[in-house]
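*Asks:* Structure for this input, please:
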Amino acid sequence: MSATIDLNDLATFVKVADAGSFSGAARRIGVPTSTVSRAVARLEDSLGVVLLQRTTRRVALTREGQWLRERSHGAIGSLVSAAEAVRDLQGQPQGVLRITAPQDIGHNIVAELIQRYSQRYPAVRIELQFSSRVVDLVAEGYDVALRAGSMRDSSLIARKLGDLRAYIVATPGYLQAHGSPRRPEDLAAHECVLFRGKDGAQVWTLTQAKPGAAGRKGRAATHKVEVHGRIDSDDFGYNREFILQGGCLGMLPNLLCRDDLREGRLVNALPEYVGRDGALYLVYPATRNLSPKVKAFREIALETFSDP
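*Replies:* Coordinates of the predicted model:
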């Protein structure tokens, strides 16, 4: 067992653990797979433990490997961020921008945002991860996140990008064949695609959206209606594709269906009602010296999500 540990070997091990294979890590780093394998072997020799169980296609972390990965990830990310911050002092966005976003956000809108950014700043390489969990930006080495709902972590900066609403949508063909609902109660007679329903049913809460619909206490009236459907998923993107087939109607976030509504592929079946009211935020760690790549991304995000 060696008394010294090469930090490059440690960083390579973390890449292998993240990628789940030597070849995947090699592609991310840009070196031969054999170089990655030797780096991990040196680290194991230095520590005197086995960190990875090798198979022909993938690797699995041992208990020691999992422990080391969890404690090394944030430290290595901090070192990389420090080095990139020094480089970014030149003022021109460059390096790697790591972004995380929720699964149920409109992928088309995120793609538009990334496209705008990459066209203006070709020196930046972007790594994007869609995740259903709340990612720890600092510990996992992410620069920014798109998040929906209320922000709880006071150590993060949150900039509101826009309001989130959900619409009841269907294709023009479906509404022509089955009729358009005139009030929330009419939805019970329609075939609906559900998002995380239960036993083929789900309760949709809708709020009157048109001006003057507020109740006596100044709040907009709400309606709860139980809808039914044979198709149920946990992915709004899948639900959108299914609605576009023309066999049902469903509730979709505005960011996911705004292009379909604008171009006529979908119709807002109950325009006087909305659901899932909330907001979308751009979140990033609080720091005195915000890097140019994050500053530029913030400005383009504000620009993109403000477009009608």
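
*Asks:* I'd like the distance from the strand or helix carrying Thr207 to the chain centre, please.
*Replies:* Assigned by DSSP states H and E, Thr207 belongs to strand 201-208. In terms of C-alpha atoms, centre = their mean, to the nearest Å, the centre of strand 201-208 is found 25 Å from the chain centre.

*Asks:* Show me the helices in the protein, by range?
*Replies:* With helices called from DSSP state H, the chain shows them at 7-19, 22-29, 33-47, 63-88, 107-120, 137-140, 172-178, 236-244, 254-263, 292-306.

*Asks:* before we move on, back to that, now could you export just the CA positions of the strand holding Thr207 as PDB?
*Replies:* In PDB, the C-alpha atoms belonging to strand 201-208 read as follows (Å, rounded to 0.1, in the frame of the first residue of the first chain):
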ATOM      1  CA  ALA A 201     -58.900   7.400 -11.800                       C
ATOM      2  CA  GLN A 202     -57.500  10.700 -10.700                       C
ATOM      3  CA  VAL A 203     -58.900  13.900  -9.200                       C
ATOM      4  CA  TRP A 204     -58.100  17.100 -11.200                       C
ATOM      5  CA  THR A 205     -58.300  20.400  -9.400                       C
ATOM      6  CA  LEU A 206     -59.100  23.300 -11.700                       C
ATOM      7  CA  THR A 207     -59.200  27.000 -11.100                       C
ATOM      8  CA  GLN A 208     -61.200  29.500 -13.000                       C
END
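
*Asks:* Packing partners of it?
*Replies:* strand 191-195, strand 222-233, strand 273-285 (3 or more C-beta pairs under 8 Å, 6 or more residues apart in numbering; DSSP states H and E). To be clear about C-beta, it is placed using only N, CA and C from the backbone, and glycine gets the same treatment.

*Asks:* Dump the ones you listed into TSV; add mean pLDDT as well.
*Replies:* As requested, these are exported to TSV (pLDDT from 0 to 100):
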stretch	mean pLDDT
strand 191-195	95
strand 222-233	93
strand 273-285	87
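
*Asks:* Arg165 is nearest to which of the helices of the chain?
*Replies:* helix 254-263 (4.9 Å; C-beta to C-beta).

*Asks:* correct me, but Ile126 touches Gln94?
*Replies:* No. Contact criterion C-beta atoms under 8 Å: Ile126 and Gln94 do not qualify, at 11.9 Å.

*Asks:* Looking only at neighbour counts, state which of the two leads.
*Replies:* When Ile126 and Gln94 are compared for neighbours, Gln94 comes out ahead with 18 against 15, by other C-beta atoms under 10 Å.

*Asks:* check contacts around the residue lying closest to the more buried one once chain neighbours are set aside.
*Replies:* Using C-beta to C-beta, 6 or more residues apart in numbering and skipping residues adjacent in sequence, the residue nearest Gln94 is Ala123, 4.0 Å away. For Ala123, the contacting residues are Gln92, Pro93, Gln94, Gly95, by C-beta atoms under 8 Å, 6 or more residues apart in numbering.

*Asks:* Not counting its neighbours along the chain, what's nearest the one residue sitting closest to the centre of the chain?
*Replies:* In the chain, the centroid-proximal residue (C-alpha atoms, centre = their mean) is Ala101; its distance is 1.8 Å. Of all residues not flanking Ala101 in the chain, Leu146 sits nearest, at 4.1 Å (C-beta to C-beta, 6+ apart).

*Asks:* Over to Pro292?
*Replies:* Nearest in space to Pro292, with sequence neighbours left out and distances taken as C-beta to C-beta, 6+ apart, is Pro93 at 4.6 Å.

*Asks:* For the one you found, which residues are in contact?
*Replies:* Tyr121, Ala123, Val124, Ser291, Pro292, Lys293, Lys295, Ala296.

*Asks:* wait, doesn't the residue nearest to Ala101 sit right on Pro102?
*Replies:* Yes. Between Leu146 and Pro102 there is a contact under C-beta under 8 Å: 6.8 Å.
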